[in-house]
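> sequence plus predicted model, see below.
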Amino acid sequence: LASDLTISDNIFLGCEEKKTNRFIRLAQVDYQKQIERIKPFLKRYAPHLDPNSKVSTVKPSELRIISIIKALIHSAQVLIMDEPTAALPASERVKLLETTKELRKQGISILYVSHYLEEIEELADEVVVLRDGKCVGHIKSKPTVDQMISLMVGRSIKNISDMYQLRRQKSQQNRKSDGWKFQITPPGLLKQNPSEIEKTVNYECFSGEIALITGLVGSGIQEIADASFGMLSNWNSKVTYHNNHYKVNNPNSAISIGIGYLPDDRSRMGLIPDFSICQNISIASLKKITGIGQNLQKRSERDQIKKL
């Protein structure tokens with residue numbers, strides 16, 4: 001969708017309704033006819049949306065519904081929905097699932113791609129499971145989460161439970177050594193800009209352990225991740241490791257003590273599209289591949305990438 005265009009313009013982009021004028025030879029866009037065609041769909045799926053509103057003003061879940069209307073208005077009989085609820089808060093996710101069920105009742109065939117197994121259990125009449133690019137299972141009846149997990153990982157649920165128990169025991173052993181201790185203080189407590197986070201957040205990571213920070217979109221988890229890497233200058237971020245104390249006030253200071261960051265929007269914040277794969281990998285560690293006079297050593301760069 002084009003964010004600077006209206007809902008109506010987006011839906012008819014590339015196949016606009018035309019009208020002719022006896023005074024002007026060239027055909028013109030018939031905006032009124034477009035809106036009249038859209039109204040029944042908006043009334044059914046998103047009655048509160050104005051077809052003349054810009055797409056940039058609507059919620060993420062509504063963007064998905066606009067895309068669905070765009071397909072339906074051009075007589076689509078099969079809808080392919082690729083991770084439609086990704087990054088949506090719970091309330092908006094429920095609305096989109098209701099819309100999907102309504103489409104099924106109308107006889108629309110839906111290919112629903114998702115990693116949210118509870119959604120698939122709720123929606124699907126039939127499931128195909130892929131692993132490593134190959135089909136590993138075809139459930140021709142109402143699926144269960146346990147069935148899908150077993151097919152996805154290639155083990156029974158019991159074996160998976162045993163495996164995680166062993167990992168937890170190993171994690172407890174690693175906790176005997178010092179971990180990385182993060183202390184993240186939001187700007188609200190520093191009498192600056194308000195934030196979703198209302199108090200200092202402390203968390204700890206140990207060697208060989210995956211620590212999970214989770215929450216809905218807008219809950220502040222994104223800010224915690226950004227601040228841990230020093231990307232939010234108005235936040236106070238401190239790290240303790242092996243009794244050494246560090247202040248992480250920018251990404252350089254985070255990198256210097258061994259912290260890396262994979263942002264959620266990797267295509268915009270984590271990569272430079274015009275650079276090669278090799279350049280994108282080496283750009284965060286240029287000091288290791290620069291020689292006298294800060295000249296880039298291409299051979300050293302290639303050798304470093306090959307090792308990775």
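Everything's here; your move.
> what about Gly220, neighbour count?
18 (other CB atoms under 10 Å). Where you see a C-beta, it was placed from the backbone N, CA and C, and this is true even at glycine.
> let me fix that: Asn249
Neighbour number of Asn249 under other CB under 10 Å is 18.
> what's the answer for Ser3, then?
Ser3 has 11 neighbouring residues, counting by other CB under 10 Å.
> again, but for Leu103
Per other CB under 10 Å, the neighbour tally for Leu103 reads 18.
> just checking, it touches Leu111?
No: between Leu103 and Leu111 there is no contact under CB atoms under 8 Å: 11.9 Å.
> tell me the secondary structure at Glu304.
One thing to correct before we go on: residue 304 is Gln, not Glu. Secondary structure state of Gln304, per DSSP: H, G, I helix; E, B strand; the rest coil, is helix.
> my guess is it contacts Ile289, does it?
Yes: Gln304 lies in contact with Ile289 (CB under 8 Å); the separation is 6.2 Å.
> list residues touching both of the two?
Ser282 (CB atoms under 8 Å, 6 or more residues apart in numbering).
> hang on, the earlier thing: common neighbours of Leu103 and Leu111, please.
Shared contacts of Leu103 and Leu111, defined by CB under 8 Å, 6+ apart, are found at Leu79.
> my guess is Glu62 is in a helix, correct?
Yes: the assignment for Glu62 (three-state DSSP) places it in a helix.
> how many residues are close by it?
20.
> residue contacts, it?
Contacts of Glu62 by CB under 8 Å, 6+ apart are 46, 49.
> so for Ser161, what's the pLDDT?
Looking at Ser161, its pLDDT is 63.
> quickly find the element holding Asp274.
Here Asp274 is covered by no helix or strand, with elements defined by DSSP states H and E.
> backbone phi and psi for it, please?
Dihedral angles of Asp274 (phi, psi; degrees, to the nearest 10) stand at phi -80, psi -10.
> show me what contacts it?
Counted by CB under 8 Å, 6+ apart, Asp274 has zero contacts.
> if I look at it, how far off is Ser256?
Per CB to CB, to the nearest Å, Asp274 is found 27 Å from Ser256.
> and for Gln279, the neighbour number?
13.
> so it is in which element?
helix 277-282.
> what's that helix in contact with?
271-272, 289, 301-302, 304-305, 308.
> list just the nearest of the residues you listed to Pro47.
Closest to Pro47 out of the contacts of helix 277-282 is Leu271 (40.0 Å), distances taken as CB to CB.
> neighbours around the closest one, how many?
Neighbour tally, Leu271, other CB under 10 Å: 15.
> what sits against it?
Residues in contact with Leu271 (CB under 8 Å, 6+ apart) are Asn280.
> for it, grab phi and psi.
phi -130, psi 160.
> with Thr185 instead?
Note on Thr185: its backbone torsions stand at phi -110, psi 120 [degrees, to the nearest 10].
> assess the claim that it and Asn234 are in contact.
No: in this structure, Thr185 is not within contact of Asn234 by CB under 8 Å, at 10.2 Å.
> of the two, which one has the most company?
Comparing Thr185 with Asn234 by neighbour count (other CB under 10 Å), the higher total belongs to Thr185, at 18 against 13.
> what pLDDT does that one get?
Listed pLDDT for Thr185 reads 86.
> who does it form a beta bridge with?
Asn236 (DSSP bridges).
> do you know how far it is from Leu212?
In this view, Thr185 and Leu212 are 21 Å apart by CB to CB.
> now do the strands in the stretch 101-250 of the chain.
109-113, 127-131, 134-139, 180-185, 201-205, 236-241, 244-247 (DSSP state E, counting those that start in this stretch).
> before we move on, which element is Ile35 in?
Counting by DSSP H and E, Ile35 is part of helix 31-45.
> give me the helices and strands touching that helix, please.
Packed against helix 31-45 by the contact rule (3 or more CB pairs under 8 Å, 6 or more residues apart in numbering; DSSP states H and E) you find helix 7-11, helix 60-72, helix 90-105.
> out of the contacts of helix 277-282, which are buried?
Buried subset of the contacts of helix 277-282 (neighbour count, 16 or more other CB atoms under 10 Å): 289, 301, 304.
> contacting residues for the first one?
For Ile289, the contacting residues are 282, 296-297, 300-301, 304, by CB under 8 Å, 6+ apart.
> ok, so of those, who is nearest Val248?
Ser282 (22.7 Å).
> from Met148, how far out is His115?
Relative to Met148, and taking CB to CB, His115 is found at 10 Å.
> who's more crowded, these two?
Comparing His115 with Met148 by neighbour count (other CB under 10 Å), the higher total belongs to Met148, at 18 against 9.
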